[in-house]
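*Asks:* Mind looking at a prediction? Sequence and model below.
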Amino acid sequence: MLQIRTPYLIFLGEAHDQLAGKTGVGVAQWRPDACVGQMRLPGCKADAGLPDLTLEEAAEKGAKTLLIGTTTRGGRINAEWQKLMIRAIELGMDVASGLHDRIADQPAVAEAAKLHGRAVHDVRHPKDVFPVGTGVKRAGKRVLTVGTDCSIGKMFTGLALERDMQAAGMKATFRATGQTGILIAGSGIPLDAVVADFISGAVEMLCPANDPDHWDVVEGQATVLHPSYAGVTVGLAMGAQPDAMVMVHDPTRRSMRGLGDRPVPGIAETIVAHEAAARITNPVAKVIGISLNTQHMGEAAALREIAETEQRFGLPTIDPARTGCGKVVDVLRAMWRC
């Protein structure tokens, strides 16, 4: 499983806006203690809120990995970036990237890494050999974030759950299954790059047997009801063997991502579908809470939506960004005690 050394120097390059630098900004938001600073080139419009450093200054502050926290057109690594990567390697840093272009395929960068004994991490291209899933019951507890669509807040909910569970004195570890989540956590498996036959086995590797009172918070992907990406979701549900699931939904989203006018399925039918998939390997798996992504709603409307959803489904309902995860954490704590 991929392991990335910290602390990071977040490289934002020439990101033309904040969204283009969302990976680096997300890492800085969730793991500020794992970042020494950011590096921006002329014209960069993104800001992770970290000190601006040169490569040399970052090395002096103990940076272990140059993390490529922005995107480029087509995910390509240009010549100037390659020179900066080589210099970082010479200064003792590894390099990690979620771009489509593989760092390992850039001859000069790969040669420098070999010469100086440094690692290059192409997060979209795992090197592990994964087993097929077994479905054998294993110790420990697992909560999986699931959703009514793609890119709806499953990673954010998982990270917030880990934070609030740890704050409540619980043993909890976020298990990343997507590129950004891996760069935030420093480890994980990019499931969309795993051959279909091995997805459930990869997830079993990602969250193996653990202490009875330990919770793995597993980052969900896509949705069982998405015609394009359901295969990853089903394999993830089977491999995770979740004891609990948290359903993530955006009340303002009308159509499924990438599918034109296909409507987003309702919360009720999505709960039924995910519980059916998860119960193949854990017969007691159930959705125990709902997480609403209300970022496009005003405060009053959002709080009203949260209250109405909780009343309608009889499940604790939160928006991690507005309310925190306390109500869901209370349910998970009670499940462990039982």
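*Replies:* Right, received. Where do you want to start?
*Asks:* domains for the chain, by residue range?
*Replies:* 2-122, 141-337 (automatic domain parsing).
*Asks:* so which of those domains gets nearest Pro131?
*Replies:* domain 141-337 (4.1 Å; Cβ to Cβ). Placement of C-beta: from N, CA and C, glycine included.
*Asks:* Surely Gly37 is within a helix?
*Replies:* No: using DSSP: H, G, I helix; E, B strand; the rest coil, the assignment for Gly37 is strand, not a helix.
*Asks:* so who does it touch?
*Replies:* Counting by Cβ atoms under 8 Å, 6 or more residues apart in numbering, Gly37 touches 9-10, 50-53, 57-58, 61, 63.
*Asks:* Mind putting the domains of the chain into TSV with mean pLDDT and distance to Val129?
*Replies:* Converted to TSV, the domains of the chain look like this (pLDDT from 0 to 100; distance: least, Cβ to Cβ, whole Å):
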stretch	mean pLDDT	distance to Val129
domain 2-122	93	13
domain 141-337	96	9
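*Asks:* Which positions in stretch 34-54 come out as buried?
*Replies:* Neighbour counts over stretch 34-54 (16 or more other Cβ atoms under 10 Å) mark 34-40, 44, 46-48, 50, 53 as buried.
*Asks:* With respect to Met247, which of these is nearest?
*Replies:* Looking across these and measuring by Cβ to Cβ, the closest to Met247 is Ala34, at 29.4 Å.
*Asks:* The nearest residue to that closest one once chain neighbours are set aside is in what secondary structure piece?
*Replies:* Leaving aside its sequence neighbours, Ala34 sits nearest to Thr6 (Cβ to Cβ, 6 or more residues apart in numbering; 4.2 Å). Per DSSP states H and E: Thr6 is located in neither a helix nor a strand.
*Asks:* What's the local residue count around Thr6?
*Replies:* 16 (other Cβ atoms under 10 Å).
*Asks:* where's it relative to Ile184, distance?
*Replies:* 11 Å (Cβ to Cβ, to the nearest Å).
*Asks:* what's the answer for Glu90, then?
*Replies:* Taken as Cβ to Cβ, the span from Glu90 to Ile184 is 27 Å.
*Asks:* Which one of the two is surrounded by more residues?
*Replies:* Neighbour count, other Cβ under 10 Å: between Glu90 and Ile184, Ile184 has more, with 23 against 14.
*Asks:* need the helices for the stretch 51-200 of the chain, in chain order.
*Replies:* Counting by DSSP state H, counting those that start in this stretch, the segments of the stretch 51-200 of the chain that form helices are 55-60, 79-90, 107-116, 154-167, 179-185, 199-206.
*Asks:* out of those helices, nearest to Thr323?
*Replies:* Per Cβ to Cβ, nearest to Thr323 of the helices of the stretch 51-200 of the chain: helix 154-167, 10.0 Å.
*Asks:* Which positions within the closest one qualify as buried?
*Replies:* Applying 16+ other Cβ under 10 Å to helix 154-167 flags 154-166 as buried.
*Asks:* Can you lay out those as JSON lines showing distance to Arg304?
*Replies:* Shown next, in JSON lines, are the buried residues of helix 154-167 (distance: Cβ to Cβ, whole Å):
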{"residue": "Lys154", "distance to Arg304": "23"}
{"residue": "Met155", "distance to Arg304": "26"}
{"residue": "Phe156", "distance to Arg304": "21"}
{"residue": "Thr157", "distance to Arg304": "20"}
{"residue": "Gly158", "distance to Arg304": "25"}
{"residue": "Leu159", "distance to Arg304": "26"}
{"residue": "Ala160", "distance to Arg304": "21"}
{"residue": "Leu161", "distance to Arg304": "23"}
{"residue": "Glu162", "distance to Arg304": "28"}
{"residue": "Arg163", "distance to Arg304": "26"}
{"residue": "Asp164", "distance to Arg304": "23"}
{"residue": "Met165", "distance to Arg304": "27"}
{"residue": "Gln166", "distance to Arg304": "30"}
